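Engineer: this one's sequence-less:
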Ligand SMILES: NC(=O)c1ccc[n+]([C@@H]2O[C@H](COP(=O)([O-])OP(=O)(O)OC[C@H]3O[C@@H](n4cnc5c(N)ncnc54)[C@H](O)[C@@H]3O)[C@@H](O)[C@H]2O)c1
Ligand SMILES: O=C(O)CC[C@@H](O)C(=O)O
């Protein structure tokens with residue numbers, strides 16, 4: 001018998017799937033405070049949440065029997081994925097179930113904003129008739145800029161095209177061909193900011209996207225631009241947006257999501273008809289809630305009863321025995337993918353992987369999924385998982401090939417990855433020294449022996465004396481401990497590659513100093 005705690009409102013249809021099984025006891029306890037959740041979560045095998053429950057590292061720690069956290073929805077930013085993974089807890093979500101609802105809500109916000117509907121309605125209900133106060137604007141012939149052309153962004157694009165709008169978009173993980181097929185013009189972020197009359201964001205909340213629209217970006221935009229955020233609070237900086245509205249540079253804004261939910265002191269609440277606010281309603285339709293609730297209920301039921309794992313953000317879909325055998329390679333492949341993605345620039349177009357030696361005797365499909373998950377994760381974050389990584393790559397026009405060879409000339413087993421972007425090509429290879437000891441052994445033309453873990457500093461340099469000393473001194477001055485180093489060179493005195501594993505993160509400022517050291521040609525930080 002498994003105990004399941006549902007801590008956010010879940011539709012009856014989803015609850016019905018769980019409650020109808022003799023194998024489950026289901027408790028619905030919504031509105032729990034953090035301490036209350038911590039106090040009871042230890043009794044449960046699975047926890048089902050939407051966006052209100054914060055599944056912190058403390059909740060995970062207290063979940064002594066917890067096997068699964070299921071998110072009825074997309075964003076996993078309310079779940080500490082790293083803590084769950086470290087404890088072997090599967091985290092799963094339901095990508096796609098609320099896409100249409102959120103795209104439709106985005107359109108509702110765009111329309112409400114353009115025609116002052118919320119305030120006009122409130123005014124009518126006060127028995128007023130103020131036609132002059134509510135002059136609107138047409139969408140027809142206007143340009144909308146879409147930042148993030150994934151599932152929701154794409155649906156918004158199609159709807160805007162139907163309104164006769166021009167659609168420009170920025171998404172570094174999407175090929176031009178896929179965008180152009182539906183009539184969307186891909187450009188740089190700056191192109192989008194400068195050209196658009198409306199800008200809507202549909203990216204996940206990540207370190208990169210947090211505050212991605214702030215004063216500087218608003219400064220680049222057209223006077224009279226209207227901004228919409230139906231993705232996550234803070235992608236558009238709320239204070240900067242308020243300043244833009246006050247100065248008149250921004251004509252209007254519509255938000256569904258906030259830095260703090262519910263917001264205690266939202267700087268946008270003071271504005272009039274030109275600001276439309278909704279309380280995180282993107283996915284709040286009968287259809288979306290039924291979709292995500294039924295989906296998560298079936299996923300959790302199957303996973304608990306050993307019938308397979310779907311849409312897990314941290315677990316591949318294989319039977320337990322195969323998983324055990326492949327686990328070290330899965331780990332190696334995910335890291336190789338993430339490493340390669342982080343050293344590359346441009347939109348990914350092609351991925352070619354070769355498995356050589358012992359590993360080629362196994363079913364390598366989960367390894368390619370892991371590689372692709374690693375490649376896409378720096379951009380897609382929690383919407384990519386082992387299961388959907390290959391189909392996401394296909395949707396994005398990324399060509400993938402897989403080759404196997406039982407012979408391996410240099411290593412007992414070798415995973416070689418070649419990726420092509422619209423700007424460059426990289427080749428990275430990795431092996432296992434032992435089950436728990438992965439190594440990156442080749443980066444482009446350089447043979448190295450780098451540990452794919454934590455914060456890594458990757459440099460190209462001339463093979464000259466003094467480089468190690470200079471770097472060691474610089475790291476020491478910044479109190480950064482070097483845990484491991486690896487070097488490879490094309491020939492004596494020629495180009496070389498140095499890879500440092502460091503115990504604490506290298507700041508952007510220190511990276512600039514590294515780049516200015518004698519004989520350093522380039523430097524990058526990779527986080528694994
Ligand atoms: N308001 C709501 O109720 C609601 C409902 C569902 C989803 N969401 C949020 O909407 C967001 C998008 O959901 P989705 O299902 O479309 O996800 P998705 O993964 O299908 O799409 C996200 C897109 O953003 C792109 N991207 C990532 N980083 C980027 C960057 N720095 N610049 C430009 N593009 C970038 C990715 O390539 C991807 O195409 C998620 O954050 C999700 O949490 C909100
Ligand atoms: O649960 C909700 O209503 C919000 C869901 C939405 O933000 C998501 O990321 O899927």
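Structural biologist: Noted; the coordinates are in hand. Since this is a predicted model, take the numbers as computed values, not measurements. Ligands and ions are numbered 1, 2, ... in the order given.
Engineer: so how far is residue 410 from the residue nearest to residue 408 when sequence neighbours are not counted?
Structural biologist: Leaving out its chain neighbours, the residue that sits closest to residue 408 by CB to CB, 6 or more residues apart in numbering is residue 357, at 3.1 Å. The C-beta positions use only the backbone N, C-alpha and C, and glycine is treated the same way. Counting by CB to CB, to the nearest Å, the gap from residue 357 to residue 410 is 9 Å.
Engineer: Those two: which has the busier surroundings?
Structural biologist: Set residue 357 next to residue 410 and count neighbours by other CB atoms under 10 Å: residue 357 wins out with 19 against 12.
Engineer: Which pLDDT value belongs to the more buried one?
Structural biologist: Note for residue 357: predicted pLDDT of 92.
Engineer: which ones are touching it?
Structural biologist: Each residue near residue 357 by CB atoms under 8 Å, 6 or more residues apart in numbering is listed here: 405, 406, 407, 408, 411, 412, 413, 414.
Engineer: Quickly list what it is bridged to.
Structural biologist: residue 413 (DSSP bridges).
Engineer: For the stretch 351-500 of the chain, give me the ranges with low pLDDT.
Structural biologist: Scanning the stretch 351-500 of the chain for pLDDT under 70 picks out the ranges 382, 387.
Engineer: Tell me which residue of it lies closest to ligand 1.
Structural biologist: residue 383 (3.3 Å; CB to the nearest ligand atom).
Engineer: And the residue nearest to that residue when sequence neighbours are not counted, how far from residue 249?
Structural biologist: Nearest non-adjacent residue to residue 383, counting by CB to CB, 6+ apart: residue 95, 5.3 Å away. Using CB to CB, we find residue 95 at a distance of 35 Å from residue 249.
Engineer: Looking at the two, which one has more neighbours?
Structural biologist: Neighbours per residue, other CB under 10 Å: of residue 95 and residue 249, the larger number sits with residue 95, 25 against 16.
Engineer: hang on, the earlier thing: from the contacts of residue 357, list the buried ones, please.
Structural biologist: The neighbour-count test (16 or more other CB atoms under 10 Å) marks 408, 411, 413, 414 as buried among those.
Engineer: Filtering these by proximity to ligand 2, which remain?
Structural biologist: Here nothing survives when the buried ones among the contacts of residue 357 are matched to ligand 2 using CB under 6 Å from any ligand atom.
Engineer: dump the residue contacts of the residue nearest to residue 262 when sequence neighbours are not counted.
Structural biologist: Closest residue to residue 262 apart from its sequence neighbours, by CB to CB, 6+ apart: residue 279 at 6.8 Å. Residues in contact with residue 279 (CB under 8 Å, 6+ apart) are 256, 261, 262.
Engineer: for the lowest-mean-pLDDT helix or strand in the chain, which positions count as buried?
Structural biologist: Here the helix or strand of the chain ranked lowest by mean pLDDT, DSSP states H and E is helix 81-86, holding a mean of 81. Of all the residues in helix 81-86, those buried under the rule 16+ other CB under 10 Å are 81, 83, 84.
Engineer: Show the subsequent helix or strand relative to that helix.
Structural biologist: strand 90-92 (DSSP states H and E).
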